[in-house]
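Participant: Here is my input, please return the structure:
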Amino acid sequence: MVHVRCRPEVEGDRALAEAAAARGCAWGGLWADSERATISVTPGPASPGLRAVHFGFDAVIPAEATQEEVFKAGACGLVRDAVAGRSTAVFAYGPSGTGKTFTLLGEVADPRRMGLVPRSIAEVFARLRGSGVRAADSLVTLSVLEVYNERLTDLLWEAAPGEGKAASPPPLRIAESASGTAVCLGLTRAELEGPADARQLLVKAARASHRAATALNRDSNRSHRLFFIRVATRRPAGQQAHAQAGGSGRSRPHGRSPSPAPSSPLAPPPRSPAWTAASRMHTPEPADPATSSPPWICSSVSQAGRGGPARDGDWLGAQSVAGRSAAWPSPDTTGPWDSEGSMVLVDLAGSESAGRESGSAGSAQPASHGAASFHGRPSSSGGSISRTPTGRSGSLSRRASPKAAAAASVAAGGAARVGSDTGNINRSLLTLSRVIAALASREGRVPYRDSKLTRLCADALGGRCTTMMIGTLAPSRGMGDDARTALEFLARAREALNLSQTPLEERLARAFLLAREQLADAEAARHRLEAEAVAAAEAAAARLADAERAAEQEAARLQEVWASQLEQEREEAEAALASVKARLEAKAEEALRQGLEAAEQARVDGRRAAEAARCEGEAQVTRARQEGASQLEAARERHAKEPLVLTVQSPEAAAAL
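Facilitator: Numbering: from 1, shown residues only. Presented below is the predicted three-dimensional model:
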């Protein structure tokens, strides 16, 4: 099986993206879908005519996944198989600076950030104790081998007393075992009492390995490292005698749970966890270097449990483990073993183009015994924290990056040395790629012997070994071309591992079990889909009924609203009509009143005029009378003076006389 892990964005990815844009990289961002276990590589701005390429794997692990989740996704099942007596292997492959070493080793002093190697060893001891196997009836050993420029180095080698620090480890060579498997003669096999021993040995191996700064990784691993874990168990002496006598029962130590039945070799590998929603790997904003650190940078451990300060060579090797505690007596390592399993974890050197790595300063050198060879978290001032045994074990000393850069710049031939390392790394990885391609095509000769790495890993790649490969990628656009190459290799490796040299019956049995499991999954999916369809139909019917009720309620509400509006409009019209009627009546009353007033005024005026006419007539009569009287008086006076001559002019005058 092949898993792909995507690391988060770190400081420096943006600079790589800008450099890639200046170079005109053909491939740009990555899209990772953890639910569908697919990764897509999109073309870069310099290649608009290319199409996105899609790859499918057994699992795609998102950046937010923890080390424990990565372990449980696949390596945990391989540990179970190794304890059961089978051979397993894990390869970590990817471009430089993508987190291979962090995935395999991590920070061995931090239980949450430990990688697959220390977790696998801890799981081995947990399974041995949980299954009731006594310490005297078990043996767990660790060997660490480095392949640097086609040279083999024992990273757990210790100089004999009196040889001094200048002594170098003896040369190692590869030989064929009786079964035809390649073995490394002279490699140290350190016996482990518990996980703590393994952590100390892993730190020692890391200090002795070749590392250097490159353009993509300031603490790049310049060699391939192989971690061999051997697990051997046997039945107690009483059970062996009982078995030889024909007994079929098997006792267990008092107070221990019975040993679980080992998993069948035909059982499929454990399923990967259902990772969270799909995540896009595409140039997010870089994290603050003051508050975050590249998670794949390892840190060393202190000499916990050892009295006094740390000393050179004070590590548990094959010779230094002389005895065990009372709870774990030393086993008879020469006696026969009923079950022997093995697990090899391979930390492949990072692949990178020589042009980019040549810009790095410093040569690949094995770290001295006096200082750890890998850094801790970056400081806010631009330096790094290295763990160095000074007065106390595990003490920290801060080194500023300008000083480190100056020391690296004066190293004679440093850049050329790194370029040579890159060429050797790429050649060995090319041979590994050819082996994978030959296994995938199942045609022609498989070139195992073309490199020491592939020769040592021949059984893990094409033999009777359960193998898992973890590919690591970075989200930077500046590594799009490297990511495309790595994904193509991983896709071929997945095909080759699925077609490994497994017996036909076992492959058919596994295929049958897988088909039966897929059929059960399909049946469960069918039932689930049917239930979901029924539930969806019921939900749709309920929603339809709710919609109808809502429509009826809305219609009733609208009817009420319309009736209310009509009633309101009718009332408003009646009110307006009444208002108009009232205004008209008021105007009519006002006109009638004004008419009556005018008639009354006319009547009064008529009366006044009649009275005035009467008064005028009376006044005229009075005046006429007065004038007549005056005239009569005057006439009398005249007649008195004159002789009276009466002339009756009118009856009125006669009457007056």
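Participant: Read off the pLDDT value for the nearest residue to residue 444 once chain neighbours are set aside.
Facilitator: Distances taken as C-beta to C-beta, 6 or more residues apart in numbering put residue 438 closest to residue 444, at 6.0 Å, once the chain neighbours are dropped. To be clear about C-beta, it is placed using only N, CA and C from the backbone, and glycine gets the same treatment. Residue 438 is assigned 86 on the pLDDT scale.
Participant: before we move on, what about residue 484?
Facilitator: At residue 484, pLDDT is 85.
Participant: Would you quantify the distance from it to residue 50?
Facilitator: To residue 50, residue 484 is 10 Å away according to C-beta to C-beta, to the nearest Å.
Participant: between those two, who's got more neighbours?
Facilitator: residue 484 (19 against 14; other C-beta atoms under 10 Å).
Participant: so the more buried one, which of the three states?
Facilitator: Assigned with DSSP: H, G, I helix; E, B strand; the rest coil, residue 484 falls in the helix class.
Participant: Would you mind measuring from it to residue 350?
Facilitator: For residue 484, the distance to residue 350 - C-beta to C-beta - is 16 Å.
Participant: ok, now residue 592?
Facilitator: Taken as C-beta to C-beta, the span from residue 592 to residue 350 is 115 Å.
Participant: Those two - which one has more neighbours?
Facilitator: residue 350 (28 against 10).
Participant: okay, now the closest residue to that one other than its chain neighbours: neighbour count?
Facilitator: Spatially, and ignoring its direct neighbours in sequence, residue 350 is nearest to residue 96 (2.9 Å; C-beta to C-beta, 6+ apart). Neighbour count for residue 96, taken as other C-beta under 10 Å: 24.
Participant: Can you report phi and psi for residue 60?
Facilitator: phi -120, psi 110 (degrees, to the nearest 10).
Participant: which residues does it contact?
Facilitator: Going by C-beta atoms under 8 Å, 6 or more residues apart in numbering, residue 60 touches 3-4, 6, 32-34, 36-39, 275.
Participant: just checking, residue 105 touches residue 201?
Facilitator: No. Contact criterion C-beta atoms under 8 Å: residue 105 and residue 201 do not qualify, at 11.6 Å.
Participant: ok, which stretches of the stretch 101-250 of the chain are helices?
Facilitator: Counting by DSSP state H, counting those that start in this stretch, one finds helices in the stretch 101-250 of the chain at the ranges 116-130, 195-208, 237-244.
Participant: closest to residue 471 out of those?
Facilitator: Each of these has some distance to residue 471 by C-beta to C-beta; the shortest is helix 116-130, at 13.7 Å.
Participant: Return the angle between stretch directions for the closest one and helix 195-208.
Facilitator: Orientation note: helix 116-130 sits at an angle of 160 degrees relative to helix 195-208 (axes from the mean of the first three to the mean of the last three C-alpha atoms, to 10 degrees).
Participant: what about residue 337, which SS state?
Facilitator: Each residue gets one of three states, and residue 337 gets coil by three-state DSSP.
Participant: right, and it touches residue 230 too?
Facilitator: No. Counting by C-beta under 8 Å, residue 337 does not reach residue 230; the two are 9.9 Å apart.
Participant: Spit out the residues that contact those two alike.
Facilitator: Listed as contacting both residue 337 and residue 230 by C-beta under 8 Å, 6+ apart are residue 139.
Participant: Low-confidence bits of the stretch 201-350 of the chain, can you list those?
Facilitator: Scanning the stretch 201-350 of the chain with the threshold set as pLDDT under 70 gives 211-221, 237-335.
Participant: Hmm, residue 193 and residue 139 touching each other?
Facilitator: No. Assessed by C-beta under 8 Å, residue 139 is found out of contact with residue 193, at 10.7 Å.
Participant: Between these two, tell me which one has more neighbours.
Facilitator: Counted by other C-beta under 10 Å, residue 139 and residue 193 do not tie: residue 139 has more neighbours, with 22 against 18.
Participant: Can you tell me the element residue 623 falls in?
Facilitator: helix 504-641 (DSSP states H and E).
Participant: Next, the buried residues of stretch 58-71.
Facilitator: Using 16 or more other C-beta atoms under 10 Å as the burial criterion, the residues of stretch 58-71 that qualify are 58-63, 65, 67, 70-71.
Participant: and of the residues you listed, the nearest to residue 434?
Facilitator: residue 58 (23.1 Å).
Participant: If you drop the residues flanking it in sequence, what lies closest to the closest one?
Facilitator: residue 1 (4.2 Å).
Participant: my read: that neighbour touches residue 468, true?
Facilitator: Yes. Look at residue 1 against residue 468 with C-beta under 8 Å: they come within range, at 5.3 Å.
Participant: From the recorded domain assignment, give the ranges for this structure.
Facilitator: 2-233+262-502, 503-603 (automatic domain parsing).
Participant: weakest of these in terms of mean pLDDT?
Facilitator: Looking at those, the weakest mean confidence is domain 2-233+262-502, a mean of 70.
Participant: neighbours around residue 599, how many?
Facilitator: 10.
Participant: And the one 3 residues further on, by the same measure?
Facilitator: Around residue 602 there are 11 other residues, counting by other C-beta under 10 Å.
Participant: do the same with residue 652
Facilitator: Residue 652 has 11 nearby residues by other C-beta under 10 Å.
Participant: What strand or helix carries it?
Facilitator: Here residue 652 sits within helix 651-656, counting by DSSP H and E.
Participant: looking at the helices of the stretch 101-250 of the chain, which is closest to residue 556?
Facilitator: Across these, residue 556 has its closest neighbour in helix 116-130 (67.5 Å, C-beta to C-beta).
Participant: helices or strands next to that closest one in the packing?
Facilitator: If you count contacts as 3 or more C-beta pairs under 8 Å, 6 or more residues apart in numbering; DSSP states H and E, helix 116-130 packs onto helix 67-70, helix 76-83, helix 100-104, strand 138-148, helix 195-208, strand 224-233, strand 339-347.
Participant: Next, format these as TSV and append distance to residue 127.
Facilitator: Formatted as TSV, the helices and strands packed on helix 116-130 follow (distance: least, C-beta to C-beta, whole Å):
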stretch	distance to residue 127
helix 67-70	16
helix 76-83	5
helix 100-104	20
strand 138-148	10
helix 195-208	12
strand 224-233	9
strand 339-347	11
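Participant: State the next helix or strand along the chain beyond the helix or strand encompassing residue 433.
Facilitator: Element membership of residue 433, judged by DSSP H and E, is helix 414-441. Using DSSP H and E, the helix or strand that follows helix 414-441 in sequence is helix 452-456.
Participant: what comes into contact with that following helix?
Facilitator: 145, 147, 150, 152, 174, 182, 184, 224, 226, 348, 428, 431-432, 435, 447-449, 461.
Participant: and if we set it to 10 Å?
Facilitator: Outside helix 452-456, the residues within contact range by C-beta atoms under 10 Å, 6 or more residues apart in numbering are 145, 147, 150-152, 172-174, 176, 181-184, 223-224, 226, 228, 344, 346, 348-349, 425, 428-429, 431-436, 446-449, 460-462.
Participant: Can you say which of those are buried?
Facilitator: Taking 16+ other C-beta under 10 Å as the criterion, what is buried in those is 145, 147, 152, 172, 182, 184, 223-224, 226, 228, 344, 346, 348-349, 425, 428-429, 431-436, 446, 448, 460-462.
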